[in-house]
Each structure stands twice: as structure tokens, then as C-alpha cells.
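Student: Make a model of this:
(2 chains)
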Number of protein chains: 2
Amino acid sequence: MASGQLSRAEALMCSGCRHACHVMLYSDTKTQLFGRIPIRHIVLMQMRFDGLLGFPGGLVNPSRETLEAGLSRELLEELGVSLPISIEHHVDSCYAPSSSSSSSSRLITHFYVKKMEEDQIIEVERAAASVAADHGQEVLGMVRVPLYTMKGEGGLASFLSHSFIGNARSQLVDSLLRFNLVAADELHKALTHSLKIHTQTAEDLKTALALTGAGRKQF
Amino acid sequence: MASGQLSRAEALMCSGCRHACHVMLYSDTKTQLFGRIPIRHIVLMQMRFDGLLGFPGGLVNPSRETLEAGLSRELLEELGVSLPISIEHHVDSCYAPSSSSSSSSRLITHFYVKKMEEDQIIEVERAAASVAADHGQEVLGMVRVPLYTMKGEGGLASFLSHSFIGNARSQLVDSLLRFNLVAADELHKALTHSLKIHTQTAEDLKTALALTGAGRKQF
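Tutor: Numbering: from 1, shown residues only, chains lettered A, B, ... in the order given. You can find the predicted model right below:
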């Protein structure tokens, strides 16, 4: 068990803690990318209002509702569909890294994983982009996580080099291993390559920064 | 004019060059995030099959169709809607940074910007997640770009710290300035903060990498 982890029961005993629940929704798929690269699984994440990638979910107040009922309520707002979540979907709970600048109470994040059918996942994507109350507000768009690797680099490695909220990247990596969605050595290779892509991105970002320096005079 | 840039006519004279056309679709909006933060504009980007963020579009062969007709064809596949693009939407053309590992012909990227009505943008999002042929294939999801800044950091800065294909981040930054969607000093501040977020992400990525090292034994 990683440091900072605690059981669901222990987490609920913390008086004064805030609680956030998130879920990874996924399905199997037989679809192949370009008719030749097996996609294997569809894993859903989202672009959040704060510009970071994360899983659907949000804050839950356990004195008013169960963690799972609260998570379902959040999912209805963000995805536009009713998705029952139960204790059996619970994977782990842990203290969020404490923010030194924040004086508010400690945050515990609860993580769930729910396997669905492919057509249910597709329905979630449709509803999220049409009827969901939070579309264009708390949620800027749903995205699928590419689990494959193309030409030794593109795909999972690039995706993992993005910026994620809190411990969402670790939750993703941990779940891909735990549910055997990506082989451990493949994931390790992708993360190693991801660090290289990340370093290259820094150079590109500096170029864009220089552009706005010039842009102030140019435009 | 930035280095590597050329006119649309010059670009078309390059024999043997490959051509890629992409478009930034955007609209104005009066919607406020959480009822208090002005969203101002909706700008669409997408999560690509290779795990990177980019604009809709793709390769066009000018010997078979005009650049704009080719771009419209790509948009129909990726977004599921018919969107006429004309020369008046053209912003710039430039040589893509040459890839040392590739022996193929030089790539020229053509960039377009098209302003739409808010309800048209919402219709594009719906169609992209439902009827588009490339959904779940070349496109893993459409996302809106947050142009606002929350608590001095979240929003545009976080978004700009992600990993983008080719020159997509520069195309975004350049267009935000050119069409007055974000003030130059605000954008410069966001990019400066973006570099900090990017550095923090490296640490988080190393943590995830360590997790898979342990994971090989653990799972």
C-alpha cells in the first residue's frame, strides 16, 4: 500500500476531512485503430474547467450522502447519464498531497473503477457532449486514453506527458496495472518515453513564450 | 513573419511537398463559469489518436483538391458536420520542423481560423461525439480551451502546459493574440506560469514511473 493510503472505513472516520470521489469508466473493445492497431480498451478521462486532465467526479459530503451516492450525483451532472456506483467499485482512498498555501481542511480522495459495455461508454460520450449540465462549465470535453503505442512512441506515452490534476496520473497508471489493461513492462516503457516527450515540450513552451514577448509589439 | 513562414501561393508551388491543413473553430459566448468567471470565447481543439492535443484537420493533396476542400473533407470525417472553409479563413502557411528520423518529403502546414455562432460550435461537439466517422479512431475527443485564469493559475496556463502536436501550441497562442481573444500581457503571464506547472509535472511523472517499477513486482 502506497504512503498516504487508508481504507474506506478509516477515511470516513476522519472528522473535518473533505472527501472527493472520482471514477475510471472503461470497457473492452475489439476495434482496431486504422484497421491494424488493437485499441483493446476504452478508458474515459476529461478535460476539466481548470485546464487539467482528470477523472469524472467531485466533492462529496459523507454527512449528507454515501460516498457512492455522491459520486453518482456528480456523474449525472458531468456526464448526463445515471450511473450507479457501489462499494464494490471502490479501489482505494488516500490523503491528497497537502497544499501549503491552503488553510482549509485535509482532503481525502476516493477512487473507483467501473467496467462497462462498449455501447454504454459510447452513450456516456454522447450524453456528456449534449445533455450534461456541466458541459462547457466544469467539463471542457471527454477524451479516451490511448493505451497502444505507435512507432515506439505515440499513444500512451504522449498522453501520460500531459498535465493532470492531483494524483490522477498515478490513479490512471495504477489502474492500468491493477486491471491488466496494459502490461507492466509496456507501461514502464511508455512512462520512460513520456519523460522524454515532456522534456521536449519544455523547449516548445519556451518558443511560445518568446512569441508572446514579440507579440506584444507585433499585434 | 516568423521564420519558416510562406504565403499560400508560395507553398503551393513547392513540388514534392506534403501539405497538412488545420483549423481553429471558435465562437463568442456570454456564458460565465460558476456564474462569475467570463468564458468569453469557445475555442475547439481535440485529443488526437497519438495522445497529443491538436486542431482538427489533416493531410491534403493539392493535385487532387484545393487545400480548403481537402480541409472540409477532413472536418466532415473528424467532426461529423459539413463545414465550408474558404481562402478568407487562411491565416498562415509554414514549413513544419523537419524530423531528422524521417526520409519523407517536407511537410507544409496551413492554418485556418473560422469564427462561428455558439450554437454551431455546440452542434459540432455533439456531432463529433456521435456521428463522426473518426470518433474513437483518429479523434479521441473534442475539448474546449479555457481562456480564463482562476486564482492566478488554473485555466489557460494549465492547458498550455500539455503536450501538443507539431506547432499546434504556437498556432493557438498566435491566434489568441491575432484575433484578440486573450490580451497579450495576460497570455504572456499564462505562458510564464505554464512553464512552472510543466516543471512540477516532471516530478509527478517520475513518481508514476517509480510506481511502475514497484508495480512490476506488486501486481
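Student: Ranking helices and strands of chain A by mean pLDDT, which lands last?
Tutor: helix A:184-218 (a mean of 84; mean pLDDT, DSSP states H and E).
Student: could I get stretch A:9-29 in PDB with only the CA atoms?
Tutor: Output in PDB follows, covering the C-alpha atoms of stretch A:9-29 (Å, rounded to 0.1, in the frame of the first residue of the first chain):
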ATOM      1  CA  ALA A   9     -13.700   2.900   6.700                       C
ATOM      2  CA  GLU A  10     -10.700   4.700   8.100                       C
ATOM      3  CA  ALA A  11     -11.200   7.600   5.700                       C
ATOM      4  CA  LEU A  12     -14.800   8.100   6.800                       C
ATOM      5  CA  MET A  13     -13.700   8.300  10.500                       C
ATOM      6  CA  CYS A  14     -11.700  11.400   9.800                       C
ATOM      7  CA  SER A  15     -13.700  14.200  11.300                       C
ATOM      8  CA  GLY A  16     -13.200  17.500   9.500                       C
ATOM      9  CA  CYS A  17     -11.700  16.000   6.400                       C
ATOM     10  CA  ARG A  18     -13.100  16.900   3.000                       C
ATOM     11  CA  HIS A  19     -13.800  14.000   0.600                       C
ATOM     12  CA  ALA A  20     -13.600  13.800  -3.200                       C
ATOM     13  CA  CYS A  21     -14.700  10.800  -5.300                       C
ATOM     14  CA  HIS A  22     -13.600  10.000  -8.800                       C
ATOM     15  CA  VAL A  23     -14.200   7.100 -11.200                       C
ATOM     16  CA  MET A  24     -12.400   5.500 -14.100                       C
ATOM     17  CA  LEU A  25     -15.000   4.200 -16.500                       C
ATOM     18  CA  TYR A  26     -13.800   1.700 -19.100                       C
ATOM     19  CA  SER A  27     -14.800  -1.100 -21.500                       C
ATOM     20  CA  ASP A  28     -13.200  -3.700 -23.700                       C
ATOM     21  CA  THR A  29     -13.300  -3.100 -27.400                       C
END
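Student: mind listing what residue A:7 touches?
Tutor: Contacts for residue A:7 were tallied using CB atoms under 8 Å, 6 or more residues apart in numbering or on different chains; they are residue A:93. Glycine gets a C-beta too; all of them are placed from N, C-alpha and C.
Student: Tell me the confidence at it?
Tutor: You'll see residue A:7 listed with a pLDDT of 94.
Student: what about it, distance to residue A:105?
Tutor: Noted for residue A:7: a distance of 20 Å to residue A:105, by CB to CB, to the nearest Å.
Student: Tell me where chain A is predicted with low confidence.
Tutor: Flagging of chain A using pLDDT under 70 yields the residue ranges A:1-3, A:98-104, A:152, A:214-219.
Student: Do a quick rundown of the strands in it.
Tutor: Counting by DSSP state E, chain A has strands at residues A:5-6, A:18-28, A:32-33, A:37-38, A:41-48, A:53-54, A:57-60, A:90-95, A:107-115, A:139-144, A:149-150, A:154-155.
Student: Who are the packing partners of the first one?
Tutor: Packed against strand A:5-6 by the contact rule (3 or more CB pairs under 8 Å, 6 or more residues apart in numbering or on different chains; DSSP states H and E) you find strand A:90-95.
Student: Would you give the sheet partners of the strand it packs on, along with the direction of each?
Tutor: Paired neighbours of strand A:90-95 in the sheet (DSSP bridges): strand A:5-6 (antiparallel), strand A:107-115 (antiparallel).
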